[in-house]
Every structure is written in C-alpha cells, then in structure tokens.
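*Asks:* sequence first, predicted model second:
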Amino acid sequence: QEVSFALQVKYSFAGHLGEGGEDLRSWVDSNGGFSCVLTGPVTITADVVYQGAGIFVFFYKPVLAGTYLISVRLGKGDIPGSPFDSVVEPGKTHTPACTASGLGLLCAHAGVEAAFSITARDEYGNQRTSGSDQFEVGLTGPVCFNATVTDKDNGTYLVRYNTIMCGDYFVNIRRDGTPITGSPFVLSVVAGKTHGPSCTAVGDGLKQAFAGHEAEFVVEARDIIGNQRVVGDDPFEVEIVGPATPQISVFDRDDGTYLVNYVVTDTGQYTLRVSLHGLQIAGSPFMATVMPGRVVAVRCAGTGRGLTRAYAGEEAKFTIESRDVNRNKTT
C-alpha cells in the first residue's frame with residue numbers, strides 16, 4: 001500500500017508558516033529541491049508534492065518487506081537526521097500467493113508420519129511474520145482424511161499426516177475456501193520398510209517339484225501393515241532341507257518381488273524356509289513334495305529270466321523299472 005510522510009520547512013526565526021509559504025517554496029526550489037530515495041531490498045524513489053504552508057509530502061509504495069534507509073536530500077545534501085530507518089512489514093495474507101514445501105508434500109511411507117510446511121504470504125509474496133491464519137488440508141486418494149495443521153506463529157504452519165494405505169493422493173490446501181498456489185498437489189504414498197513376518201510367497205514350487213527339474217516360487221516383500229513394496233534390495237535367505245542338497249538361486253526383480261529357483265535330484269519331502277534378517281516370512285516353513293522327473297530310457301533297468309532265456313511254446317516275462325535322469329523310480 002502507498003505510504004507517505006510530511007516535511008515542514010520553517011524560517012529559522014519563526015514557528016509554523018503562515019503567509020510566506022510560497023516564498024519558502026521558491027527558496028527550496030532555488031536550492032535544488034527535495035528528493036527522497038529508499039534503499040533496502042529494492043531501491044525506491046519517492047514522489048514529492050508541495051501542499052502549501054511550507055509542507056512537502058513524500059509518497060512511496062513498497063512491495064518488498066524489509067528494512068530500508070530513507071535518504072531525504074535538499075539539493076545535494078541530506079537534511080538533518082537523514083538517512084532515517086524504516087521497517088516495511090508484510091501485508092495481509094493473500095491466499096493465492098501462499099506456498100507449501102517439504103518432502104511430505106511429494107512422497108511418504110505408509111504407516112509413517114510425514115510432514116510439510118505452509119508459508120503464509122501477502123499479495124507481493126512477502127512472508128508473513130505472525131500466525132492466526134486458518135488453513136485446511138485434505139488428502140483424497142485410496143482413503144480420504146484431513147491432516148493436522150499446527151500454527152508456528154511466525155507465518156509458517158506445520159502439516160502432519162499418517163496413512164496406512166499406499167497409492168496416489170491429491171493434497172488440497174485451502175484458506176477460506178480458496179486454494180493456495182499449486183494446490184492440489186500430487187502425493188505418492190509407498191510401502192514402508194520391509195518387515196519379514198509380513199512378507200508372503202506364492203508359486204507351485206512351495207508345494208511340489210520334480211527331481212532334476214527347476215522349480216520356482218516368488219517372494220513378495222511387504223511392510224509391517226502388509227503393503228507390497230515396489231523396490232528391491234532386501235537380503236532374503238532361502239533354506240531347503242530334505243533327502244538331497246538343492247541348488248538355490250534368489251533373483252531380485254527390483255520391484256518388491258524375488259524369484260526363487262531350486263533344483264533337487266532326489267525325491268521325497270523337503271522343508272523350505274524363507275527368512276529376512278533372521279525372521280521367517282508368513283507361512284514359512286513350507287513343505288514341498290519332490291516327485292520323480294520324466295522317464296529317461298537310458299536310466300531304466302530290466303530284470304527277470306525272460307531277458308536271457310525263454311522256451312518255445314511257453315510264456316516268458318521280465319520287468320522294466322522306469323527311472324528319471326537321476327535314477328529315481330517313477331510311478
């Protein structure tokens with residue numbers, strides 16, 4: 001807003017001017033006239049208007065808050081007391097100029113409190129230095145809820161929220177029904193850190209496999225609430241105990257899932273344990289049955305007298321045992 005102050009010129013032997021104002025104005029003009037410059041966040045040149053009776057009024061309109069030095073000069077010299085100190089305070093809150101910032105405005109982890117800040121500003125973007133503004137913050141997405149807003153009483157407001165549901169949310173920030181600049185914001189809530197006992201596994205390889213053939217299953221990383229993770233780098237450990245020692249590989253797909261492949265050579269019952277940081281995942285241990293693989297002719301064997309001797313007119317017989325590549329008997 002426009003600001004003004006007045007300067008009255010007097011005769012050295014008189015009080016307030018009366019009739020001789022125009023003579024005094026001529027004297028001021030003959031000495032170079034008055035000028036006024038404000039130096040601070042920006043430089044402002046004030047307008048000077050003579051109102052009569054020796055009174056000169058200075059007008060200026062600052063748009064940036066801060067401390068200014070007001071230099072008032074007559075001709076080339078400062079008047080007594082110049083320069084003067086002046087503090088320009090921010091104007092009243094202008095909602096469309098208010099801003100919000102902070103990591104919690106862009107992303108958050110499910111089940112973990114997140115936060116960001118709102119900064120109240122005037123029409124020219126100056127930050128307010130006091131509180132009492134009523135901001136409303138609402139999140140809309142997989143669930144809808146309102147955040148908690150704390151007035152810091154310095155022109156900023158701390159916003160806190162916590163949601164257990166992953167997904168994309170719209171963050172609406174309003175004051176008296178008017179949105180601040182940038183609102184609504186888009187927020188992505190992802191799963192929290194991986195919690196071993198909440199993780200799951202799926203796939204046929206958890207229940208059955210065939211000797212000599214690769215079996216597989218998938219481990220799904222989840223946070224403590226059960227939300228599936230979307231990034232990798234978790235050190236899952238897989239242990240398989242049974243009649244034979246298996247070959248095991250764990251492949252990180254870098255999307256929160258892990259492909260487990262294993263091969264065993266002997267049939268029988270096997271125990272599968274999947275753990276993270278010493279804690280087994282949900283459902284572990286699993287029990288898998290390993291059955292014989294496909295019949296391989298060169299591994300099969302024949303027994304019986306009919307293989308080596310027979311009599312004319314009499315029935316002869318022998319038995320063939322079918323086996324897989326690892327010599328496991330097939331059924």
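*Replies:* Good, I have the coordinates.

*Asks:* got any ranges where the stretch 151-300 of the chain has weak pLDDT?
*Replies:* Applying pLDDT under 70 to the predicted model, the residue ranges of the stretch 151-300 of the chain that meet it are 293-300.

*Asks:* could you pull out the helices in it for me?
*Replies:* Ranges of helices within the stretch 151-300 of the chain: none, based on DSSP state H, counting those that start in this stretch.

*Asks:* all strands for it, in order.
*Replies:* With DSSP state E, counting those that start in this stretch applied, the stretch 151-300 of the chain shows strands at 156-161, 167-175, 178-179, 185-190, 200-202, 208-210, 215-220, 236-241, 247-252, 257-263, 268-276, 279-280, 286-291, listed in chain order.

*Asks:* any chance of TSV for those, columns mean neighbour count and distance to Arg128?
*Replies:* Every residue, glycine included, has its C-beta placed from N, CA and C. Output for these, formatted as TSV (neighbours: other Cβ atoms under 10 Å; distance: least, Cβ to Cβ, whole Å):
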stretch	mean neighbour count	distance to Arg128
strand 156-161	19	9
strand 167-175	18	12
strand 178-179	12	16
strand 185-190	18	21
strand 200-202	17	50
strand 208-210	19	68
strand 215-220	20	48
strand 236-241	17	51
strand 247-252	14	49
strand 257-263	19	48
strand 268-276	18	49
strand 279-280	14	50
strand 286-291	18	61
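
*Asks:* can you list those in CSV and add distance to Val63?
*Replies:* Formatted as CSV, the strands of the stretch 151-300 of the chain follow (distance: least, Cβ to Cβ, whole Å):
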stretch, distance to Val63
strand 156-161, 21
strand 167-175, 21
strand 178-179, 21
strand 185-190, 27
strand 200-202, 59
strand 208-210, 75
strand 215-220, 56
strand 236-241, 59
strand 247-252, 55
strand 257-263, 56
strand 268-276, 58
strand 279-280, 60
strand 286-291, 70
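
*Asks:* minimum distance to Gly81: which of those strands has it?
*Replies:* Shortest separation from Gly81 across the strands of the stretch 151-300 of the chain is recorded for strand 156-161, at 36.7 Å, computed as Cβ to Cβ.

*Asks:* which other residues reach that closest one?
*Replies:* Residues from elsewhere that reach strand 156-161, judged by Cβ atoms under 8 Å, 6 or more residues apart in numbering: 100, 102, 104, 108, 113-120, 127, 131, 133, 135, 137, 139, 145, 147-152, 173.
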